[in-house]
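Undergrad: A structural model of the following input is requested.
(one chain, ligands or ions: 1)
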Amino acid sequence: MKKEKVEKKYLVAVTGASGMLFLQPFLRLLGEQGVIVHGICSDAGRDVLSFEEGLIPEDLPVVSQWFDLHDFSAPPSSGSSGYSGMVVLPCSMGTLAAIACGLSINLIHRAADVLLKERKKLILAVRETPFNRTHLQNMLQAHDAGAIICPPMPGFYLKPQSLEAAAETFAWRLADQIGMPVTSRKCWGDKEEC
Ligand SMILES: Cc1cc2nc3c(=O)[nH]c(=O)nc-3n(C[C@H](O)[C@H](O)[C@H](O)COP(=O)(O)O)c2cc1C
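TA: Next comes the predicted model:
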């Protein structure tokens, strides 16, 4: 009997940190790989997305379904829903703290908790500057629980010519972290693409 191909599913969570510019290049990259992308956005995430990009989450490309932040009966609440990974982009210090402490106050925190217990990839694109001691401790705690701390820092050595191009270099690094090969990308050491 022919087995059906199971498409990979990823969760993208948007929280109220600065750096919404990084979202679209990463979502487009996921779209190019043909994976399923679901989203959750915090209330502060909606505000900052509107302020920085003039968008609502539902305007963003590639995400086929947005879950309500307080709907604990939504699929991301359960390990059985089969997400391959979750990226919190950008990740506020408040959400980082909740994830580091295992609080499940909203669906973003709960989904992150689930991904960690299922030993799946959880990438936190934490954004604040400078960091205080609590932020640093929470990052270490989340790291020790299995999360990958991946702040949105573009690869300037790749000489991006615009803010969008800089954001794309970070999207490639996120793809690396979730184990997604991207064919058309720049790498250090290659003249053109790798
Ligand atoms: C324009 C704007 C930019 C912000 N940037 C950051 C930031 O970079 N990092 C951060 O931790 N919080 C930032 N905040 C504050 C968070 O939005 C706030 O702490 C919020 O409670 C986070 O909630 P959430 O984690 O549920 O999204 C910002 C707020 C605004 C209005």
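
Undergrad: use CA for all of it now, contacts and neighbours both
TA: OK.

Undergrad: need the contact list for the residue nearest to the spatial centre of the chain.
TA: Nearest to the mean C-alpha position of the chain, by Cα atoms, centre = their mean, lies Val87 at 2.2 Å. Residues in contact with Val87 (Cα atoms under 8 Å, 6 or more residues apart in numbering) are 10-13, 122-125.

Undergrad: ok, so of the residues you listed, who is nearest the ligand?
TA: Comparing the contacts of Val87 against the ligand with Cα to the nearest ligand atom places Ala13 closest, at 9.4 Å.

Undergrad: Quick check, pLDDT for the closest one.
TA: Model confidence at Ala13, given as pLDDT, is 98.

Undergrad: SS state for it?
TA: strand (DSSP: H, G, I helix; E, B strand; the rest coil).

Undergrad: ranges for the helices of the chain?
TA: 23-32, 43-53, 93-100, 107-117, 133-144, 163-177 (DSSP state H).

Undergrad: Turn the ones you listed into a markdown table, including distance to the ligand.
TA: Listed next are the helices of the chain as a markdown table, based on distance: least, Cα to the nearest ligand atom, whole Å:
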| stretch | distance to the ligand |
| --- | --- |
| helix 23-32 | 14 |
| helix 43-53 | 4 |
| helix 93-100 | 4 |
| helix 107-117 | 8 |
| helix 133-144 | 9 |
| helix 163-177 | 16 |
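
Undergrad: Buried subset of the contacts of Val87, written for ChimeraX?
TA: To isolate the buried members of the contacts of Val87 in ChimeraX, using 16 or more other Cα atoms under 10 Å:
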select :10,11,12,13,122,123,124,125
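
Undergrad: coming back round to it: how confident was the prediction at the residue nearest to the centre of the chain?
TA: pLDDT, Val87: 98.

Undergrad: so can I have JSON lines of the contacts of Val87 showing distance to the ligand?
TA: Listed next are these as JSON lines, based on distance: Cα to the nearest ligand atom, whole Å:
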{"residue": "Tyr10", "distance to the ligand": "19"}
{"residue": "Leu11", "distance to the ligand": "16"}
{"residue": "Val12", "distance to the ligand": "13"}
{"residue": "Ala13", "distance to the ligand": "9"}
{"residue": "Leu122", "distance to the ligand": "16"}
{"residue": "Ile123", "distance to the ligand": "15"}
{"residue": "Leu124", "distance to the ligand": "12"}
{"residue": "Ala125", "distance to the ligand": "10"}
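
Undergrad: Need the max-distance pair from the contacts of Val87.
TA: Using Cα to Cα, the contacts of Val87 span at most 15.2 Å, a distance reached by Tyr10 and Ala125.

Undergrad: Report the separation between Ala125 and Ala74.
TA: Distance of Ala125 to Ala74, computed by Cα to Cα, to the nearest Å: 23 Å.
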